[in-house]
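S.K.: When you get a sec, could you give me coordinates for this:
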Amino acid sequence: MIAKTFGSSVLGVNASMITIEVNVLNGTGFYMVGLPDNAIKESFHRVESALKHEGFIIPRQKVVVNLAPADIRKEGAAFDLPIALGVAKASGQIHTEDLDKYVILGELSLDGKLRPVKGVLPIAIEARKRGLKGFILPKENAHEAAIVNELDVIPVGSLQDAIDFVEGNKTIAPLKVDTRELFFDTQGDYSEDFATVQGQENIKRALEIAAAGGHNVIMIGPPGAGKTMLAKRLPSILPPLDLYEALETTKIHSVAGKLGDDAALISRRPFRAPHHTISDVALVGGGGNPMPGEISMAHNGVLFLDELPEFKRTVLEVMRQPLEERMVTISRAKVSVDYPANFMLIASMNPCPCGNLNHPEKECVCAPPTIERYLNKVSGPLMDRIDLHVEVTPVSFDEMTSDRKNESSEEIRERVISARERQKERFKEVTGVHSNAMMDAEDLKENCQIDTVSKALLKSAMEKLGLSARAYARILKVARTIADLAGKDQIMAEHIAEAIQYRSLDRADYFK
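M.R.: The predicted model follows:
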């Protein structure tokens, strides 16, 4: 007798359905075919122990388990539960006609209890697309799968629960989640707020511009000036995720196994801050079994690199293409996996090893060659992809102890949303462009026209300040965003003037 059910395998952020066929024949031995990895091959021992614990057996005959299609490599222990159910049915120990109506996943412990698995959300989406009735899976993953509507999500805690359900001996109500209610209930819940930041008005303004246009930012200043504190508050002024972005972001975290136990849907923009010892594979993704890296985990959110020169040069260089393409492609001999990576890069650094270069009160003790070596750790091509260079100075005692009421993140966010709406309207006919930071040369030419006065100002600044040629396009993009924040269709001279001051590292005399 052949028993058939469905499991699933995740490749990138998408799932493919796997048909699990079990047949019991004359002979001896347990055979697993269909390119299983070692974790699946070892499932025999987990399945045998779990079945025995629940009063069943693996028949002492020839048992063949086929994972189809046979040319796709399958990985992980999530196939334990469907294999166990298939063996029980194929050997006549359970009687049900419903196995092939569900996608079934779960890792078995030796006593038949179920452990959670990764990648549940994309699998649930694929199951609904295939027209399957439901999804039988561990209780810990149920809320994550239940955000997909029109799919019966059956949470089970053990192999016995699953058997009782498919045989009709036990009724388990499908878990229902109101996806929109869940999304909107937690959407604006940020623990960090700009209202708690004393002083640093110029930095707040720069971060508002960055949020409004999707620009990358680097903050340069001495230790303790507030760079990290300000960066952590950036997600609170970004436009809220829409439901599509939330599902896309949740899929990535689901595949990586990084969703919290009580998190079914990510409704706030991610903020990722990897340590400077991170490897290039951990940052961009990859490995023997390709997994998303930090830049994909920051998709639709913020990637914060603190102490940028301390990162290995090779790690920083692998970010250059994703910053342009907003996508990471992991290529292997037999497979190529794409992970989305549309993130805002926020970096911070000291101006020199001691941190006191250009400090208003302290003196730098670093020799010029030492400073040059320190700064050369960050390459020109990477700096070319950062639109705003912001100088951060320490907050004075008077500012720290001031009773002045600061603007909240909510107030700033309203202006940012308004600016983004103008950009949405501007680029509605342009494929792949959603913000000013994403404009190419043609878009700049069309949307960043400046008058004679502005041209003269920009020319004078480039000549007198020694700005590089690469700064020209960045200044125009930032000026376009400043004009959007001001509600202006035309870029004015004052917008150009403000944008120029955000190119500190392009000034020929900055580090002299």
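S.K.: List the buried residues of the longest helix along the chain.
M.R.: The longest helix of the chain (DSSP state H) is helix 409-426. Within helix 409-426, the residues that qualify as buried by neighbour count (16 or more other C-beta atoms under 10 Å) are 409, 412-413, 415-416, 419-420, 422-423, 426. (C-beta placed from N, C-alpha, C; glycine too.)
S.K.: Would you mind identifying the next helix or strand past it?
M.R.: For helix 409-426, the following helix or strand on the C-terminal side (DSSP states H and E) is helix 441-447.
S.K.: Walk me through the domains of the protein.
M.R.: Domain ranges of the chain: 2-177, 194-427, 439-512, per automatic domain parsing.
S.K.: Got the phi and psi for the residue nearest the centre of the chain?
M.R.: Geometric centre of the chain, nearest residue: residue 297, 2.4 Å, by C-alpha atoms, centre = their mean. Backbone geometry at residue 297, expressed as degrees, to the nearest 10, gives phi -60, psi -20.
S.K.: who touches residue 357 in this structure?
M.R.: 350-351, 364, 366, 371, 511 (C-beta atoms under 8 Å, 6 or more residues apart in numbering).
S.K.: Equivalent analysis for residue 371, please.
M.R.: Counting by C-beta under 8 Å, 6+ apart, residue 371 has contacts 351-353, 357, 364, 511.
S.K.: if you set the cut-off to 6 Å instead, what comes out?
M.R.: Applying C-beta atoms under 6 Å, 6 or more residues apart in numbering to residue 371 gives the contacts residue 352.
S.K.: Just give me the neighbour total for residue 287.
M.R.: 11 (other C-beta atoms under 10 Å).
S.K.: Kindly report the same for residue 224.
M.R.: Residues near residue 224, counting by other C-beta under 10 Å: 11.
S.K.: Residue 306 now?
M.R.: 18.
S.K.: Wait, it touches residue 347, no?
M.R.: No. Contact between residue 306 and residue 347 fails when scored by C-beta atoms under 6 Å: they sit 7.8 Å apart.
S.K.: On the strand side of things, show who residue 292 bridges to.
M.R.: Residue 292 forms beta bridges with residue 285, as assigned by DSSP bridges.
S.K.: Might you report the residue contacts of it?
M.R.: Per C-beta under 6 Å, 6+ apart, neighbours of residue 292: 252, 256, 285, 339.
S.K.: re the thing from before, so what does the longest helix of the chain touch, helix or strand wise?
M.R.: Contacts defined by 3 or more C-beta pairs under 6 Å, 6 or more residues apart in numbering; DSSP states H and E place helix 409-426 against helix 201-213, helix 471-485.
S.K.: quick check: angle from that helix to helix 201-213?
M.R.: 40 degrees (axes from the mean of the first three to the mean of the last three C-alpha atoms, to 10 degrees).
S.K.: And the contacts of residue 357, which is closest to residue 485?
M.R.: Nearest to residue 485 among the contacts of residue 357: residue 351, at 28.1 Å, using C-beta to C-beta.
S.K.: How confident was the prediction at the closest residue to residue 12 other than its chain neighbours?
M.R.: Of all residues not flanking residue 12 in the chain, residue 337 sits nearest, at 4.2 Å (C-beta to C-beta, 6 or more residues apart in numbering). For residue 337, the pLDDT comes out at 88.
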